[in-house]
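[1] build me a model from this:
(one chain, ligands or ions: 2)
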Amino acid sequence: MNIEIFGGINEIGGNKIFISAGDKKFLFDFGLSFSDNNQYFSEFLNPRKFNGIIDYIYLDLIPPLNNLYRNDLITPFSDVLNSKHYNITPSNQNIVDAFFLTHAHMDHYKFIGFLKKGTPIYVNWISDTILDYLSKASTDPLLSDILNFYESFKLVPKKKKKASEEEIQYKRANKNDYSHSEIKRKIIIMDEEKPYKFNSTKGEILINQYKTDHSIPGACSYIITNDGTSIIYTGDFRMHGAHKEWVNNFMQKAKEANPIAIITEGTRVPTLEDFKNGSYRSENQSEDDVEIRSRDLIRKHSGLILVNCPTRNLDRLLLYYSLAKENDRTFAITPKIFQLIDSFRMRLDNMDETEIKEFYKHYHLPNFHDKHFKVYLPRKGWGIFESKDYKGYDKEVFKIKNYITYKDIKTNPEQFILYLDYFMTTELIDLDQPENSVLFINSTTDPFNEEMLLKEDKLNAWLNRFGVLKTETIHSSGHCNVDDLISFLKEIDADNIIPVHTNHPEVFKNFGLNGKIILPKKGKTYTF
Ligand SMILES: [Zn+2]
Ligand SMILES: [Zn+2]
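    Residues are numbered from 1 along each chain as shown. Ligands and ions are numbered 1, 2, ... in the order given. Sure thing, here's the model as predicted:
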């Protein structure tokens, strides 16, 4: 089997991993490298949709490979892409026989929409639900092309005004001009621990997906087997979260596969110096610690409680919901978070009893009318809570009237835990609470780049202005801590270890593993 890696090398995220055997080639994740992207772009400076894949190729955000990208993104730019430098031409060949996603984080899914239309996309139903939700709720223009296929630069005939008009005139297609069959991508909803079989010139290839634990539901790992040889790909994972048993199960299966190679994440692996002096251990907070510390703070505080937490981390959202319930408060969340929960509820409506039970065992979703879980509707438009002030999902929320506003919280602050992030700080003016009466639980990752630091400063300024008490960071990483990672890798004991999704792959050499550490090079083929 062969492995070629085009992203996630010496960087956290942006994984793009090809695994092949005989004439079959599979792509695992096709994500955005945050560090490469942030070098050129920011919140308000983005690659241009009208330039197809060009902006991304030029800046090395996606690899310059032929027979990978959609023809409608190549043809209009043939003069550039067909040059000696790139040698990318429109074609009906596809180097990817199937795409597999580990989880719905942008550094893993961002560029799926660039893949050729016929590429089968394997995801589990949870990631599929999140991607579908994101394609409606996010402003990222690439998202709509992941589960559907909207051909770019398409012209359609204009409707004739008079039957006598002879010449057909064309217009640019909008979403309504595409037929259902035209936009349908080949999405295959994968079941876990069930082998998906592919026949290659080197015999049968089996691909198995396993549940793992990460800061988003639906995260999974893979075992790829051909002719008695197995390769493991961990995706992103942790062993200190709420679903340890999933990771332990995968670890056993990976060990039994006696793998020739493991491609593993190493997000939290520190510099060699910090590894040797052990200082990295100070950052180990588990999801249980988050629960204990949050429970204690919520119980002791009598006024309004604000909480900032990751919005797609279902474990964390449901933690604050359960703590609100425990203290007879209402967890008031944004319409977007409510929409995510709603997406899951709607999907579960069509599933059978055992699947629903299994999901609820791990993620106990509030029901639609739960008084402890409500949408906080901010003021929009004219700011007077009229239907005209809202659009999209917010309008739905407004119509159903299942929401609260600043007025409810202002009158009974002690009855609420309100989700509040940087973009909602202006609500503090409307909430108008006395100084030192409001607690802000900081349940999110510490800023790790300039843009985040600037936002953190502004958030702090708002909290200071309103005399809001801010807690220390109460957060547990979505990634494996180093000691857990070492024992995980020792247990699986692969012959070769290929670190990705890490800034310090070379430090793996000091882990005391039996296998050989391979520091991958972009685009190089490793054969096992
Ligand atoms: Zn990642
Ligand atoms: Zn992730």
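[2] do stretch 15-28 and ligand 1 meet?
    No - Stretch 15-28 stays clear of ligand 1 (Cβ under 5 Å from the ion), getting no nearer than 6.7 Å. Using the backbone N, CA and C atoms, a C-beta is placed for each residue, glycine as well.
[3] just how off-centre is that stretch within its chain?
    In terms of Cα atoms, centre = their mean, to the nearest Å, the centre of stretch 15-28 is set 21 Å apart from its chain centre.
[4] what does stretch 406-413 give?
    33 Å.
[5] low pLDDT regions in the stretch 251-400 of the chain?
    Scanning the stretch 251-400 of the chain for pLDDT under 70 picks out no residues.
[6] and what of the stretch 101-250 of the chain?
    Along the stretch 101-250 of the chain, the parts satisfying pLDDT under 70 run over 160-165.
[7] quick check: residues of it near ligand 1?
    So far as Cβ under 5 Å from the ion goes, the stretch 101-250 of the chain lies against ligand 1 at D107, D236.
[8] quick one: the strands in the stretch 101-250 of the chain?
    121-123, 155-157, 170-172, 187-189, 196-200, 203-211, 220-226, 229-233 (DSSP state E, counting those that start in this stretch).
[9] so which of those comes closest to D289?
    Distance to D289, taken as Cβ to Cβ, is lowest for strand 203-211 among the strands of the stretch 101-250 of the chain, at 22.8 Å.
[10] so which bits of that closest one are buried?
    Buried positions in strand 203-211, judged by neighbour count with 16 or more other Cβ atoms under 10 Å: I205, I207, N208, Q209, Y210, K211.
[11] my guess is the fifth one meets I224, correct?
    No - under the criterion of Cβ atoms under 8 Å, Y210 makes no contact with I224, lying 11.9 Å away.
[12] F440 sits in which helix or strand?
    strand 439-442 (DSSP states H and E).
[13] elements contacting that strand?
    Here strand 439-442 touches helix 287-300, strand 305-308, strand 469-473, going by 3 or more Cβ pairs under 8 Å, 6 or more residues apart in numbering; DSSP states H and E.
[14] what's downstream of that strand, the next helix or strand?
    Later in the chain than strand 439-442, the nearest helix or strand by DSSP H and E is helix 450-465.
[15] avg pLDDT for that following helix?
    Throughout helix 450-465, pLDDT has a mean value of 94.
[16] that one versus strand 469-473: what angle between them?
    Helix 450-465 and strand 469-473 are oriented at 150 degrees to each other (axes from the mean of the first three to the mean of the last three Cα atoms, to 10 degrees).
[17] in helix 450-465, which residues are buried?
    Buried residues in helix 450-465, counted by 16+ other Cβ under 10 Å: K455, L459, W462, L463.
[18] which pair in these spans the largest distance?
    K455 and L463 (12.6 Å).
[19] for T473, what are its contacts?
    N442, S443, T444, T445, D446 (Cβ atoms under 8 Å, 6 or more residues apart in numbering).
[20] my bad, H240
    Counting by Cβ under 8 Å, 6+ apart, H240 has contacts N284, S286, E287, D288, S476, C480, N481, D484.
[21] how about 7 Å then?
    S286, E287, S476, N481, D484 (Cβ atoms under 7 Å, 6 or more residues apart in numbering).
[22] apart from its neighbours in sequence, what residue is nearest the residue in the stretch 351-500 of the chain that ligand 2 sits nearest to?
    Using Cβ to the ion, G478 is the residue of the stretch 351-500 of the chain that sits closest to ligand 2, at 5.9 Å. Leaving aside its sequence neighbours, G478 sits nearest to S215 (Cβ to Cβ, 6 or more residues apart in numbering; 2.9 Å).
[23] same check on E204?
    Here the residue nearest E204, using Cβ to Cβ, 6+ apart, is K197, at 5.8 Å.
[24] wait, the one you found sits on G203?
    No - with contacts counted by Cβ atoms under 7 Å, K197 stays clear of G203, the gap being 10.7 Å.
[25] what's the burial count for the residue of the stretch 151-300 of the chain found nearest ligand 1?
    The minimum distance from the stretch 151-300 of the chain to ligand 1, using Cβ to the ion, falls at D236 (4.4 Å). Residues lying near D236 (other Cβ atoms under 10 Å) number 26.
[26] any idea how many residues pack against the nearest residue to it once chain neighbours are set aside?
    The shortest distance from D236 to any non-neighbouring residue, by Cβ to Cβ, 6+ apart, is to H214 (4.8 Å). The tally of other residues near H214 (other Cβ under 10 Å) stands at 28.
[27] okay, the residue nearest the centre of the chain and H240: tell me how far apart.
    The chain has H105 as the residue nearest its centroid, 1.5 Å off, counting by Cα atoms, centre = their mean. For H105, the distance to H240 (Cβ to Cβ, to the nearest Å) stands at 18 Å.
[28] equivalent analysis for F385, please.
    Taking Cβ to Cβ, one finds F385 at 43 Å from H240.
[29] and for F331?
    For F331 relative to H240 (Cβ to Cβ), the value is 24 Å.
[30] can you give me the strands in the stretch 251-400 of the chain?
    According to DSSP E, counting those that start in this stretch, the strands that the stretch 251-400 of the chain contains are 261-265, 305-308, 330-333, 373-376.
[31] same list (those strands) but as CSV, adding distance to E11 and mean neighbour count.
    Below are the strands of the stretch 251-400 of the chain laid out as CSV (distance: least, Cβ to Cβ, whole Å; neighbours: other Cβ atoms under 10 Å):
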stretch, distance to E11, mean neighbour count
strand 261-265, 12, 26
strand 305-308, 26, 25
strand 330-333, 32, 26
strand 373-376, 36, 24
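[32] and those as JSON lines, adding distance to ligand 1?
    Formatted as JSON lines, these follow (distance: least, Cβ to the ion, whole Å):
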{"stretch": "strand 261-265", "distance to ligand 1": "7"}
{"stretch": "strand 305-308", "distance to ligand 1": "21"}
{"stretch": "strand 330-333", "distance to ligand 1": "24"}
{"stretch": "strand 373-376", "distance to ligand 1": "29"}
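[33] my read: the residue nearest to G478 touches C309, true?
    No - in this structure, S215 is not within contact of C309 by Cβ under 7 Å, at 10.3 Å.
[34] list residues touching both of the two?
    By Cβ under 7 Å, 6+ apart, no residue touches both S215 and C309.
[35] next, count neighbours for the residue of the stretch 351-500 of the chain closest to ligand 2.
    24.
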